[in-house]
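Enquirer: Build me a structure from this.
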Amino acid sequence: MDSSNDPNHAPLRDVAQSPEATARYLADVQRVLLDIGRNLETLALETRVHLRETHVEGDRFYDAWLRARPVEKALKDVLKNVEDVTKGLEKSAFKRRAHDEVVSNTAKRRKEKEMEKKRKNAPPLQAAPQYPPQQGGKAQHSGYAVPASIYDLGNRESA
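Expert: Numbering: from 1, shown residues only. All right, here's what the predicted structure looks like:
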């Protein structure tokens, strides 16, 4: 089916759905803008030379330079805007790729958070009941939990 006859076809829909295609498209636009920027730089230089050499009878030596300043500034502003746009295109390509990475990791992160939440909300495991030592003689235990330090070993030996 021809996509030009499809009323729902958007020309950049396929590009927008893929970060790689978006990066390629933005790189192509950036190349065009950089080429335009180089042409504008050449135009600005040639304009500067021409305007500064255009003297009218009775001009002081700096009058032509003063008349050229607004034109030079306007071209300089255009060049700066072209540079900003090219930087923005590069930045948006990186942001697009980062967005897809975030989306692909979201399910995993949610699952990890859910597991962490379940672990925190689960009732703690019951420790083995501790029986207090019985009075009137030696306590009947296996000897593992009574000494608190190596100095309390009594007649037993340390490992």
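Enquirer: Buried ones in the helix or strand hosting R24, by neighbour count?
Expert: For R24, the host element (DSSP states H and E) is helix 19-53. Residues 19, 22-23, 25-26, 30, 33, 37, 40, 44, 47-48, 51-52 are the ones in helix 19-53 that count as buried (16 or more other CB atoms under 10 Å). No exception for glycine: its C-beta is placed from N, CA and C like everyone else's.
Enquirer: Pick the one among the residues you listed closest to R109.
Expert: The closest of the buried residues of helix 19-53 to R109 turns out to be P19 (CB to CB; 19.2 Å).
Enquirer: So the closest one versus S104, what's the distance?
Expert: Separation of P19 from S104 (CB to CB, to the nearest Å): 10 Å.
Enquirer: So for those two, which residues contact both of them?
Expert: Between them, P19 and S104 share no contacting residue under CB atoms under 8 Å, 6 or more residues apart in numbering.
Enquirer: Surely Y25 and R13 touch.
Expert: No. Using CB atoms under 8 Å, Y25 is not in contact with R13; the gap is 11.9 Å.
Enquirer: where do the helices sit along this protein?
Expert: Along the chain, counting by DSSP state H, helices occupy 13-17, 19-53, 63-121.
Enquirer: so can I have TSV of those showing mean pLDDT?
Expert: Converted to TSV, the helices of the chain look like this (pLDDT from 0 to 100):
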stretch	mean pLDDT
helix 13-17	88
helix 19-53	93
helix 63-121	92
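Enquirer: Dump the buried residues of helix 19-53 to CSV, plus distance to K111.
Expert: Shown next, in CSV, are the buried residues of helix 19-53 (distance: CB to CB, whole Å):
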residue, distance to K111
P19, 23
T22, 28
A23, 29
Y25, 34
L26, 33
Q30, 38
L33, 42
G37, 47
L40, 52
A44, 56
T47, 61
R48, 62
L51, 66
R52, 67
